[in-house]
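[1] sequence-free structure coming up:
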C-alpha cells in the first residue's frame, strides 16, 4: 500500500509528521510518500531505514485561511498536491493533520463526492463499554439538512457492516432526549425520515450520556454537535486525570496506592488517547482521506497511516459506492 | 426562607423528593412546602422532625407531555399549583425535578419574563481546574437567535458578578474553534454582537475542551449544545470510573492500590456528582425556579432546596432586574 502523508499539516509539522511516517514505514511494508517542503522535511529523514519519497510542495494552507479560497489559490500546497496525486491513482490513501475545512473543500473539488451523498462527513470510532461506536459527523458540516443526517446514517451502516463486520448495525440519532419530539427542527425531520427507511436499523434518539454504553453501532449528528461531543470528552478526560493527580500528590498513602495501580490507570487513559485511535475518515468523498487531530504526535500519525492502509485494503470507497447504489 | 418543592417531579418521586425535603428542613431553618398528591406524600413524612406543609395537587405533568398544552390543561398539577403559589408570593422559591419543558412553559406563563429577556435560560455551575464556570443555556432552548445568546451573556455576567462576587466576569461563546469565522450562522452573528457590547467582558470563542481550564466565568451556548455538553460529561465520567473499576478488579495489586487511594478517587468522583452541586436555575424568569436533574436522589433534592434558598436570599431576580435595566 502506498500512502500520501501531508508533512506540513498539524501543530507539530513537519517533525512529528515525518517521524510518524518513518515509524509506520519502518514497522510495516507500507510505502509512505511525504508531500511538503523538501528542505524542511529532509533533516528529519535520517532515522528512516527505508528510503522515503518526497513530493515537493512549497505552500502551506493554515488553519485560519478560508478553506475554499485557499484550495483554489494554493495549487502548490501539500494538501492540493497530495489530493491531486491521490485522484490520479498514484497512491491508495492520504493522511493529513491539517485544516479540516481545507481537506473537506479539497476533497470535494479534487476527489469528488460519492453518488447520492450531498455532504461528506468525518467519522471516527469511540470506545464504549462494549464495542466501539462510529460517530459522524465530527466536524465537517456545522449546518446541515435532515437528508444529510440520513446519508450519514447510510454511510455509517455500510462502514460498520462492511469494515467492522457488524450485522444489521444499530443507528442512533444524537439528541437531548429519547422522545421523538425532542431536539431542533432538523433533528425532528431526520428522525421521521430515518424511522421510515427500511434499510437502516434505526434505534431512535440517543442521548450523549448513553453513547458510552455501547448499545449503538453508529451515531449520527451534525458536525457542530459531533465536534462539541469529541472535544468535551477530550477536555473532560484530561481534567479528571489532572484532578486525580492533584489528589494523589496531596498524601503519601494515596501516592503509594497510585503507584501500585498505575498500569490500570494508564490503561484507562490510553483508551481515551487519540494517539491510540489513529485518524478519522472523510466518508462520502471518492477516495480514502484520513484526518488526524491537529495536535497529533508521531504515534498518532503512525496510527493514522496504518488506519489509512486498512481502509484502502478494505476497499471502503468501493463498498460505499456499491451499497449506496442499492439503498438509494 | 420558605421553599416550594414539587413532590411529584423526577424519576424517584415522590419518595426521594420527600426525603430530600425532610433532610433539608431537618438540618436548617428552611421551611419546606411540598406540592403534590397528599396521599402519596404522607407515608414518607414520618421521618421529619418538623411538621411539613402539604399543598394537595392531584395531577402530574409527565416528561412526554407537550409542555405548553400540559401547563394549560393540568391546573391541578404540582408544577402549575406550585408556580401559582410562588407568583402569589406565598414562598421565596420553587424546586422541581420534573419536566424541563413544562417548568419553562409554566415559568413563562405564570411567573413571566424579566424585562429585556426574550427567552429564559437554564444556568448551572461546572467545576473547573480553577473556579466553577457558569454555563447557560443547558436545555431550555433548542433553537435560538443571536440576541438570545447576547441576553444569556448579560444574565450570566450579572449572576457571576452579583452572586459569586467575580469582578468583570469573562464571558466565552461555546464554539468548535477559537477563530471568529467558526461555527454556524447564529454563533457568528452572536460573536460580532458580543464583541461590540461594552458592558460584557467578551473573551471570544471557547472550545468545549477548554472550558475545564477555568479561564472563563461564564460560557453561553444554545440549549441543545449545552445539554449535549452536560450529558457528555455525565456519561463519560461514569464510563471512565467504570473502566477504572474493571481494571482494578482484574488484579490483586491494583485492588490494594485502589484501596489505599480510595479517598482521592472518591473526591474526584464527588466533584463530578450532580448530587453535590444542587440544581440549575432558570435565569430570565421573574422568580426563583430551580430545576433538579430528573434522576435526583434525596441528596440532590436537599442540595437543590439549599441552593434555592441561597438564590432567594441573594435576591437574584431583583439584581437581574436592576442590572438589566442599566445595560439594555
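    Perfect, I can see it now. Note that the structure is predicted; figures quoted are calculated from it, not measured. Numbering: from 1, shown residues only, chains lettered A, B, ... in the order given.
[2] can we go C-alpha only for contacts and neighbour counts from here?
    Will do.
[3] So residue A:137 versus residue A:219, what's the distance?
    Counting by C-alpha to C-alpha, to the nearest Å, the gap from residue A:137 to residue A:219 is 9 Å.
[4] scratch that, residue A:312 is what I was asking about
    Counting by C-alpha to C-alpha - residue A:312 and residue A:219 are separated by 23 Å.
[5] And these two? Which one has more around it.
    residue A:219 (28 against 22; other C-alpha atoms under 10 Å in any protein chain shown).
[6] my read: that one touches residue A:138, true?
    No - counting by C-alpha atoms under 8 Å, residue A:219 stays clear of residue A:138, with 10.5 Å between them.
[7] Quickly list what the closest residue to residue A:289 other than its chain neighbours is bridged to.
    Nearest non-adjacent residue to residue A:289, counting by C-alpha to C-alpha, 6 or more residues apart in numbering or on different chains: residue A:94, 5.0 Å away. For residue A:94, the beta-bridge partners are residue A:4, residue A:289 (DSSP bridges).
[8] Remind me which helix or strand residue A:318 belongs to.
    Here residue A:318 sits within helix A:316-327, counting by DSSP states H and E.
[9] for residue A:194, same thing?
    With DSSP H and E as the test, residue A:194 turns up in helix A:185-196.
[10] Return the distance of that helix from the chain's centre.
    With C-alpha atoms, centre = their mean, to the nearest Å as the basis, helix A:185-196 stands 25 Å off its chain's centre.
[11] Does the helix or strand just after that helix reach chain B?
    Tracing the chain C-terminally past helix A:185-196 and defining elements by DSSP H and E, one meets strand A:201-207 next. Yes - looking at strand A:201-207 against chain B by C-alpha under 8 Å from any C-alpha of the partner chain, the contacts come from residue A:207.
[12] Can you list the buried residues in strand A:201-207?
    A:201-207 (16 or more other C-alpha atoms under 10 Å in any protein chain shown).
[13] how about the residues of the stretch 51-200 of chain A that lie near chain B?
    Contacts of the stretch 51-200 of chain A with chain B, taken as C-alpha under 8 Å from any C-alpha, map to A:64, A:128-129, A:142-143, A:175-176, A:179, A:183-184.
[14] for the stretch 201-328 of chain A, same thing?
    A:207-213, A:224-225, A:227-229, A:231-237, A:239-240, A:243-244, A:247-248, A:253-262, A:264-265, A:267-268.
[15] try it again with 6 Å
    By the rule C-alpha under 6 Å from any C-alpha of the partner chain, the part of the stretch 201-328 of chain A lying against chain B is A:208-209, A:228, A:231-232, A:234-235, A:247, A:254, A:257-258, A:260-261, A:264.
[16] for chain A, which helix is longest?
    helix A:223-249 (DSSP state H).
[17] That one vs strand B:201-207, what angle?
    Angle, helix A:223-249 to strand B:201-207, by axes from the mean of the first three to the mean of the last three C-alpha atoms, to 10 degrees: 100 degrees.
[18] Off-centre distance for helix A:223-249?
    Mean-position distance between helix A:223-249 and its chain equals 19 Å (C-alpha atoms, centre = their mean).
[19] Likewise for stretch A:260-269?
    When C-alpha coordinates are averaged (C-alpha atoms, centre = their mean), stretch A:260-269 and its chain have centres 26 Å apart.
[20] buried stuff in that stretch?
    Buried-residue list, stretch A:260-269, by 16+ other C-alpha under 10 Å: A:260-261, A:264-265, A:268-269.
[21] pLDDT score for residue A:327?
    Residue A:327 carries a pLDDT value of 65.
[22] wait, I meant residue A:62
    For residue A:62, the model assigns a pLDDT of 91.
[23] excluding its backbone neighbours, what's nearest it?
    Leaving aside its sequence neighbours, residue A:62 sits nearest to residue A:99 (C-alpha to C-alpha, 6+ apart; 6.5 Å).
[24] Quick check: that neighbour touching residue A:65?
    No - with contact defined as C-alpha atoms under 6 Å, residue A:99 does not reach residue A:65; the gap is 8.7 Å.
[25] who has more neighbours, those two?
    Counting neighbours by other C-alpha under 10 Å for residue A:99 and for residue A:65 shows that residue A:99 has the greater number, 23 against 14.
[26] What separation is there between that one and residue A:170?
    Applying C-alpha to C-alpha, the value for residue A:99 to residue A:170 is 31 Å.
[27] picking that back up, backbone torsions only: list them for the residue nearest to residue A:62.
    Reported as degrees, to the nearest 10, the phi and psi values for residue A:99 are phi -60, psi 120.
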